[in-house]
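>>> Just the structure for this:
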Amino acid sequence: MREDVGMDSSIEGRLLVASPQLIDPNFYRTVVYIAEHGEDGALGLVLNRPTEELVEDHLPDWAATTTSPAVVFVGGPVSNEIAVGLVRCPKQPPDEWSPGFDGSGLVDLSAGPDAIGGADALRIFSGYSGWVDGQLEMELATDSWFVVPASPSDLFTDRPETLWREVLARQPGRLAFYATYPHDLGGN
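Residues are numbered from 1 along each chain as shown. Just a heads-up that it's a prediction; the model follows:
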């Protein structure tokens, strides 16, 4: 039910969609953008976990640049005390800029918004999702995740609450049926 991903294949720039059987509360029905994946492990950001915390309350300099909804998103369970920026097409790419899917990449927020001179889109995350070498591959082997291509609208969606279902619904074949998977099978 997942893209054919070998243990040595990078899935950088793709999405991990939690299978309905993945009940870990950190990742239940999440969509994770994989920003980095290599021999040392993987780093991703949960795209569909907005908080009610306004960016302007935590990083006021970045508030005007943030894509709607202008709230902090939970990027994952690792290092929630740090802020991570995901930006698409910065006007002034920062040093060591390594854009991924659709011209998007991670930015150092400590430099301030003038360092990138504006961007097509920006989202602020509290923490990130991380896997050490071999950990993600093991989770993929147990079908905890579906690996699917990203769409340009996924990374900065203005409807994060429907992203899990939308991403699954557009997949080919039987994978699309998971979009209608109920939260509680006992209710059927």
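
>>> Same question for the closest residue to S144 other than its chain neighbours, what's its three-state structure.
Nearest residue to S144, sequence neighbours excluded (CB to CB, 6 or more residues apart in numbering): L22, at 4.7 Å. (Glycine included, C-beta is placed from N, CA and C.) Here L22 is coil, with the state taken from DSSP: H, G, I helix; E, B strand; the rest coil.

>>> Distance-wise, check L22 relative to G112.
If you measure L22 against G112 using CB to CB, to the nearest Å, the figure is 37 Å.

>>> Looking at these two, which is more packed in?
Using other CB atoms under 10 Å as the criterion, L22 and G112 rank with L22 on top: 19 against 12.

>>> show me the contacts for that one.
L22 makes contact with 28, 144-145, according to CB atoms under 8 Å, 6 or more residues apart in numbering.

>>> Neighbour count and pLDDT added to those residues, as TSV?
Listed next are the contacts of L22 as TSV, based on neighbours: other CB atoms under 10 Å; pLDDT from 0 to 100:
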residue	neighbour count	pLDDT
Y28	13	96
S144	18	95
W145	23	97
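
>>> and R174, how many neighbours?
Using other CB under 10 Å, R174 has 8 other residues around it.

>>> Please report phi then psi for A64.
Dihedral angles of A64 (phi, psi; degrees, to the nearest 10) stand at phi -70, psi -20.

>>> related to what we said a few turns ago, which of the contacts of L22 sits closest to F125?
Of all the contacts of L22, F125 sits closest to Y28, with 17.7 Å by CB to CB.

>>> need the contact list for the nearest residue to L163 once chain neighbours are set aside.
Using CB to CB, 6+ apart and skipping the chain neighbours, the partner closest in space to L163 is N48 (4.1 Å). The contact partners of N48, taken as CB under 8 Å, 6+ apart, are 29-31, 157, 160-161, 163-164.

>>> Please confirm that N48 is located within a strand.
No: the assignment for N48 (three-state DSSP) gives coil, which keeps it out of a strand.

>>> Would you quantify the distance from the residue nearest to S144 to L140?
Distance from L22 to L140, by CB to CB: 12 Å.

>>> Next: D158.
With distances taken as CB to CB, D158 is found 29 Å from L140.

>>> Buried residues of stretch 90-103, list them for me.
Neighbour counts over stretch 90-103 (16 or more other CB atoms under 10 Å) mark 90, 93-94, 100-102 as buried.
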